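Peer 1: how does the following fold in three dimensions:
(one chain, ligands or ions: 2)
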Amino acid sequence: MSSESLGSGTGLVPIIDFEPFLTGSNKQAVADEILKSLKAVGFVQLINHGVPQEKVDEMFRWSKSFFSLPLETKQLAPHPPSGTHHRGYSAPGREKVLQHVYDKEKVEAMRLNVPDVKESFEVGREDDKIMPNIWLPDGVLPGFKQACLDFYWTCDITKFRILGALALGLGLDENYFESSHKVGDNQLRLLHYPSLPEQSLKNGEAARIGQHSDFGSITMLFQDAVGGLEVEDPNNPGEFKAVPSVENALVVNAGDFLMRWSNDLIRSTIHRVQAPPGSSKDGATPERYSIPYDFDTVVECLPGTYSDVRPKRYEPISASEYILQRLAATY
Ligand SMILES: O=C(O)CCC(=O)C(=O)O
Ligand SMILES: [Fe+2]
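Peer 2: Ligands and ions are numbered 1, 2, ... in the order given. Just a heads-up that it's a prediction; the model follows:
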């Protein structure tokens, strides 16, 4: 089956109008199209996705204000040295996204050889005890914290609509995924890829974000007009195709957890960010901003396994929280 036949748009990733799902006028058809494209390419672009455009624009403005601060100021909200507390600010080159490389020395060598030239700021829910948020000190960039948290919860609403569509597409009850995504252990990331010599990206001396798949169930991604996001063509492994920037669209992609959960029916497709072709000026590729929002899933006692006489023994726990607790216990 060719993915070209799905939705509209000329690229590999179909563009689907989410409105008939949101209004209820044609829920099943939209759900079916979304699932079809998650199965074929693992990605879809949604227009009329329900996240108010003024809120998206506002978040991009805050992101630009934050990343325009001097490095020393951004470092006042530092990402801890350990990758397991994924919050706060990471300076360019700090994070190296890799596909299944876990050896510390190997990661370090790859980071030094081909740094990911991006800076990021990670936010979770404010009452997360395991991975508390890391903010700038009070009085530095007032309003930024509130804007991040507001946007976090705005995206959480759309998350449930997308999960509803996914469930309907799979022939399940629309709220099938609700209990597993209720806690809201999601991750909002502000990303900034500074301008850099196009040549260094082309000859592999530097990367923006190296090829990888996402870990969670689903990622929602807002990208600016610059472009550069690419997905691996499922029909031609090793070949990457652009996910063009479509005005006011939301990119949605499946992660490894959903692929596994769906018994590989849905694809968690490898993607990366490169220099968008033809966009360079005087040999420099333009800067890019994007805002990914990853959904985390919660595991809890299955219906039918607990009752008044046999109460739940375990509190719901998010997949990431569980892994971190186990990791922490090994030290
Ligand atoms: O900036 C982008 O468009 C891609 C970001 C991404 O793939 C990620 O954060 O996992
Ligand atoms: Fe990603």
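Peer 1: now the helices for the stretch 1-150 of the chain?
Peer 2: When assigned using DSSP state H, counting those that start in this stretch, the helices of the stretch 1-150 of the chain occupy the ranges 19-23, 27-40, 53-67, 71-74, 104-113, 144-169.
Peer 1: poorly predicted segments of the protein, please.
Peer 2: Scanning the chain for pLDDT under 70 picks out 1-10, 94-114, 299-303, 323, 325-331.
Peer 1: what residues does it have near ligand 1?
Peer 2: Residues of the chain lying close to ligand 1 by Cβ under 6 Å from any ligand atom are Arg189, Leu191, Ile209, Asp214, Leu221, Gln223, Leu229, His271, Val273, Ser290, Pro292. No exception for glycine: its C-beta is placed from N, CA and C like everyone else's.
Peer 1: kindly reformat the residues you listed as JSON lines containing distance to Tyr322, neighbour count and secondary structure.
Peer 2: Below are the residues of the chain next to ligand 1 laid out as JSON lines (distance: Cβ to Cβ, whole Å; neighbours: other Cβ atoms under 10 Å; DSSP: H, G, I helix; E, B strand; the rest coil):
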{"residue": "Arg189", "distance to Tyr322": "21", "neighbour count": "18", "secondary structure": "strand"}
{"residue": "Leu191", "distance to Tyr322": "26", "neighbour count": "23", "secondary structure": "strand"}
{"residue": "Ile209", "distance to Tyr322": "26", "neighbour count": "22", "secondary structure": "strand"}
{"residue": "Asp214", "distance to Tyr322": "18", "neighbour count": "24", "secondary structure": "coil"}
{"residue": "Leu221", "distance to Tyr322": "25", "neighbour count": "22", "secondary structure": "strand"}
{"residue": "Gln223", "distance to Tyr322": "31", "neighbour count": "24", "secondary structure": "strand"}
{"residue": "Leu229", "distance to Tyr322": "30", "neighbour count": "25", "secondary structure": "strand"}
{"residue": "His271", "distance to Tyr322": "26", "neighbour count": "24", "secondary structure": "strand"}
{"residue": "Val273", "distance to Tyr322": "30", "neighbour count": "25", "secondary structure": "strand"}
{"residue": "Ser290", "distance to Tyr322": "28", "neighbour count": "25", "secondary structure": "strand"}
{"residue": "Pro292", "distance to Tyr322": "22", "neighbour count": "19", "secondary structure": "strand"}
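Peer 1: dig out what whichever residue of the chain sits closest to ligand 1 forms beta bridges with.
Peer 2: In the chain, the residue found nearest to ligand 1 is Ser290; the distance is 3.5 Å by Cβ to the nearest ligand atom. Legend: beta-bridge partners of Ser290 under DSSP bridges are Leu191, Gln223.
Peer 1: show me the contacts for it.
Peer 2: Applying Cβ atoms under 8 Å, 6 or more residues apart in numbering to Ser290 gives the contacts Leu191, Tyr193, Leu221, Phe222, Gln223, Asp224, Leu229, Val273.
Peer 1: try it again at 10 Å.
Peer 2: With contact taken as Cβ atoms under 10 Å, 6 or more residues apart in numbering, Ser290 is in contact with 60, 63, 118, 120, 189-193, 208-209, 221-224, 226, 228-229, 245, 251, 273.
Peer 1: over to Lys129?
Peer 2: Counted by Cβ under 10 Å, 6+ apart, Lys129 has contacts Glu321.
Peer 1: now it: how far from Phe43?
Peer 2: As for Lys129, its distance to Phe43 is 34 Å (criterion: Cβ to Cβ, to the nearest Å).
Peer 1: Ile15 too?
Peer 2: Separation of Ile15 from Phe43 (Cβ to Cβ) stands at 11 Å.
Peer 1: same thing with Asn203?
Peer 2: Distance check for Asn203 against Phe43: by Cβ to Cβ, it reads 27 Å.
Peer 1: who has more neighbours, these two?
Peer 2: Relative neighbour count places Phe43 above the other of Asn203 and Phe43, with 26 against 9, counting by other Cβ atoms under 10 Å.
Peer 1: contacts for stretch 18-29?
Peer 2: Residues external to stretch 18-29 that are found in contact with it (Cβ under 10 Å, 6+ apart): 16-17, 30-34, 44-50, 158, 161-162, 164-165, 168-169, 171, 174, 249-250, 252.
Peer 1: if we go to 8 Å?
Peer 2: Under the contact criterion Cβ under 8 Å, 6+ apart, stretch 18-29 has outside partners Val30, Ala31, Leu46, Ile47, Asn48, His49, Gly50, Arg161, Gly164, Ala165, Leu168, Glu174.
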